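**Student:** from the sequence below, what's the structure:
(2 chains)
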Amino acid sequence: MFAYLLRRLNLFLATSLVMIGVLFYATGLFPVERTYALTGIHAPTTSQLIQIEQDYKLDKHSGWQFIAYLQQRLSGNLGISVTSHQQVAEELRSVLPASFELATMAAIIAICLGVPIGVLASQSQHKLTQNTIMAITLTGYSVPVFWLGLYLSLWFGVDLGWLPISGQINLLYEIKPITGFMLVDTLLSKSEYGMSAFKDALLHIILPAMTLAVLPFTVVVRSTRSAMMNVMDQTYIRAAEARGMHTSTIILRHALPNALIPVLKHLGLMLGSFASYAIVVEMIFSWPGVGSWLVSGIYQRDYTVIQGGILAVALLIIFLSILIEVLHTVFNPLSRKDLYATR
Amino acid sequence: MSGLLVACSPQQLPSGLVYCSEGNPESFNPQLVTSGTTIDATSHQIYSRLIDYDTQSGKLVPALATSWAMSDDGLSYRFTLRENVQFQHSSRFIPSRYFNADDVLFSFNRIIDAQHPYHFVSRTGYPFFQSIGFSEQVKKIEKINEHEVVLYLNRKDASFLSNLATDFAIILSDEYAQQQLALGQPENVDHFAIGTGPFTLVQYAKNEYIRYRRNPDYWGEPANVEMLVFDITLKSTTRLAKLITGDCSVSALPKAGELAVIKQHEELNIESQPGLNVAFWAFNTQKPPLNDVRVRRALAYAVDKQDILRAVYQNTAIEATGVLPPASWAYENNKRIDDYNPQKARDLLKEAGVANLSIDIWAMPVARAYNPNTMKTAELIQSDLANIGVKVNIISYDWSVFTQRLSRDEYDSVLIGWNADNSDPDNFFTPILSCSAMQSNNNRSRWCNPEFDALLDSAREIADQAERKVIYQQAEAFLADQVPLLSFAHAKRVILTRHDISNMQVTPFGGISFARTSQVHSEAN
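**Tutor:** The predicted structure follows:
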């Protein structure tokens, strides 16, 4: 197991290194001066220029430059934003929690709804129920997220006026960031408006979270269903049935835990597209997270923000997919057997 | 159970007002910019000026200066300053003294004196002041005592006081500036603003919001709302949606097509007023073949202005016959020579020997009061010019990039406009078409004509309105002949409010002000 973890770590480092290498190469392609693309300082003074040259080893050849770039970025120096003149790392820190909050909400919705419906689809005797569920999930899977987001905001926001359609909270609530998660912060807030701020934040997250949840929800339903059908054919389930156990006990105690393992794997595979969906959803609902920050950085030709955003998002995806793979191995004795065999 | 109770109780909102603004401010000091977005976010909210305009009558009224007098030769102005005016305080700065003459000296010396330690703290210069030649105009500023200053001019200027009442001529704190300079962070003065206005800047989150709080020490009548938030919303449709869902109470710059939607919603009001503005198509007169006046005339003949008024403004604007709008006292309804005439345009191009012409049109990415949809305007001009065999490329960038590249003068032509800062007609000529405006990159036509400048100078030296009007009409005729730009519309200023907003002042010129606005909070939801 230790050797396996070491190999995964190795994979993480190697992939990240390649990714940073690509970013480093791209800084040379931006149509502006190298120092500007690296630091975000426009028209630096002489002393600043010397500092930049030292930091990024601009007088040495590109191998050294890459190592210097790596050192700067990994020590948290992402440069300053061209438009706001603030540290990119600091801006990143202020937008990351909002994205996490949205992603977590979407994941909770997807899993809490997806797993029971997937089980229902696999166990239902009625062709109609099965087909309906499959048709709905297939539709959900194929609907473009930008269309869905716009339509939901048109229906629930503009026409019905039930839900707010942009931002994280009504801006009149002044909530001090403690954890960065708006829902938690409003609860922790000592202001007399804390409770109504929490309710307002909850209303604000419903539409974006629902929109973002559609893709993982359909994936969860479909993979739960097929995994359940697989598991239910296994001999140990038939043995349990033969012993006269109650169907619900069989499903909850014996079938479902095993069926969820492939679901986990599917979720891991989906991370990349989930992240790009999240960016679109953040744009549609003006959610102040990494996605909208990155996209506005692109519009504003904010080269340091673009680098910082890509770095953060890519590192996160690489890390999470490897984490999920490791978890998958931990929970699945079978794949561990594969592991030893291939060693 | 408690969750259920919360869900049933009426939602309580802190008292305050949210304005959906259209973009990020470039700075928090209006001296450094000319963009309307920045002016809106700063000038009337955080700062005060020496003198102000009365929004109803258009007359000058006292602000930080309680009285002023011009010397008989018209070359010096003496201002008596208001006493006991407190500067705002923030986590960075707590004022130890009241506003006095030193603050006035600092605010203007920073602009006119290139030796001043703060002069080059601004990387963008002082575009409005450069465009009116402020530093050549003002000889010196003298402090008589704590509460009296005298401004000496090099030449007589009838528009001088008007320029001091513009949104750009704000008063900064000298004490704050010295303190930040000592700390080695002079640029903080422009980022973390301290002024004497009705609101104090609390927090700015890029792309998200600007938060202000009522300034309890304001020298005038305190603002009606406790908190003011600018919700930065770039897209016009999103601003409209936020207004409908109640996330914003006030919004501006709707696209003309959206007005029909607004009328369907009873809770929304449209407040409009003829604006002192002009939308135009500026030709880069230094770049061939646009340096040839025949080519410029040809392009002017080729554009169907009525079409633009119909499609872009949906008849919320009036056709421009020159740069001055009808709301200005120097306006006269001229029949312009360049009416829509594609045949004449083709002939002129042939005469100039230009064939297969292809030009770039830069279209602003943001809505402005004078042009709600520049992209669409550019497309209409594109099809008009296709009729006379001229190919058009439309170019657009995000606003910050757009202005940067525009100042590098690599464009052929640009669709832009001008919002007046004061009611003086000079404001329509000197800041956008003079030679000094070219140095500050405000002259988008890059057109410098000494004869035209002399005309403007002579108009400024006269005090009599009727005489000045004659000269400004000569200037209009000069422009119609030389066509450094093609003006096409004067738009109405439109502000959208929810029904619980009252006293929203819509001024024909300058930035938005929330000092008098009030909101009746309904027990919503």
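
**Student:** from the middle of its chain, how far away would stretch B:407-420 be?
**Tutor:** 14 Å (CA atoms, centre = their mean, to the nearest Å).

**Student:** which positions within that stretch qualify as buried?
**Tutor:** By 16 or more other CB atoms under 10 Å in any protein chain shown, the buried positions in stretch B:407-420 come out as B:Tyr411, B:Asp412, B:Ser413, B:Val414, B:Leu415, B:Ile416, B:Gly417, B:Trp418, B:Asn419, B:Ala420. Any C-beta I mention is one placed from the backbone N, CA and C, and that applies to glycine too.

**Student:** next: stretch B:497-505.
**Tutor:** Judged by neighbour count using 16+ other CB under 10 Å, the buried positions of stretch B:497-505 are B:Thr497, B:Arg498, B:Asp500, B:Ile501, B:Met504, B:Gln505.

**Student:** correct me if wrong: the fifth one contacts B:Ile495.
**Tutor:** Yes: under the contact definition of CB atoms under 8 Å, B:Met504 touches B:Ile495, with a separation of 6.0 Å.

**Student:** what's the neighbour count on residue 292?
**Tutor:** Using chain A here. 23 (other CB atoms under 10 Å in any protein chain shown).

**Student:** look at chain B instead
**Tutor:** Neighbour tally, B:Asp292, other CB under 10 Å: 17.

**Student:** same check on A:Ser142?
**Tutor:** Neighbours of A:Ser142 (other CB under 10 Å): 8.

**Student:** what about it, distance to chain B?
**Tutor:** 26 Å (CB to the nearest CB, to the nearest Å).

**Student:** which one of the buried residues of stretch B:497-505 is nearest A:Ile206?
**Tutor:** Closest approach to A:Ile206 among the buried residues of stretch B:497-505 (CB to CB): B:Arg498, at 22.6 Å.

**Student:** mind checking pLDDT for the closest one?
**Tutor:** On pLDDT, B:Arg498 comes in at 90.

**Student:** does the residue nearest the centre of chain A lie in a helix or a strand, and which?
**Tutor:** In chain A, the C-alpha nearest the mean C-alpha coordinate belongs to A:Ala275, at 4.8 Å (CA atoms, centre = their mean). A:Ala275 belongs to helix A:256-284 when elements are defined using DSSP states H and E.

**Student:** could you do B:Val414 as well?
**Tutor:** Here B:Val414 is assigned to strand B:413-419, by DSSP H and E.

**Student:** now do that strand: everything it contacts.
**Tutor:** With contact meaning CB atoms under 8 Å, 6 or more residues apart in numbering or on different chains, strand B:413-419 is reached by B:36, B:275-284, B:290, B:323, B:359-364, B:368-371, B:374, B:377-378, B:381, B:406, B:428, B:431-432, B:444, B:509-510.

**Student:** now render the buried residues of stretch B:497-505 as a markdown table, adding distance to chain A.
**Tutor:** Formatted as a markdown table, the buried residues of stretch B:497-505 follow (distance: CB to the nearest CB, whole Å):
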| residue | distance to chain A |
| --- | --- |
| B:Thr497 | 16 |
| B:Arg498 | 13 |
| B:Asp500 | 13 |
| B:Ile501 | 14 |
| B:Met504 | 17 |
| B:Gln505 | 21 |
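
**Student:** among those residues, which are in strands?
**Tutor:** Those of the buried residues of stretch B:497-505 mapping onto strands are B:Thr497, B:Arg498, B:Ile501, per DSSP state E.

**Student:** next up, the contacts around the first one.
**Tutor:** The neighbourhood of B:Thr497, defined by CB under 8 Å, 6+ apart, consists of B:Ser249, B:Val250, B:Ser251, B:Leu268, B:Asn269, B:Glu271, B:Met504.

**Student:** so where's the stretch 351-500 of chain B shaky on pLDDT?
**Tutor:** B:409 (pLDDT under 70).

**Student:** if anything else comes up later, I'll come back, but that's it for now.
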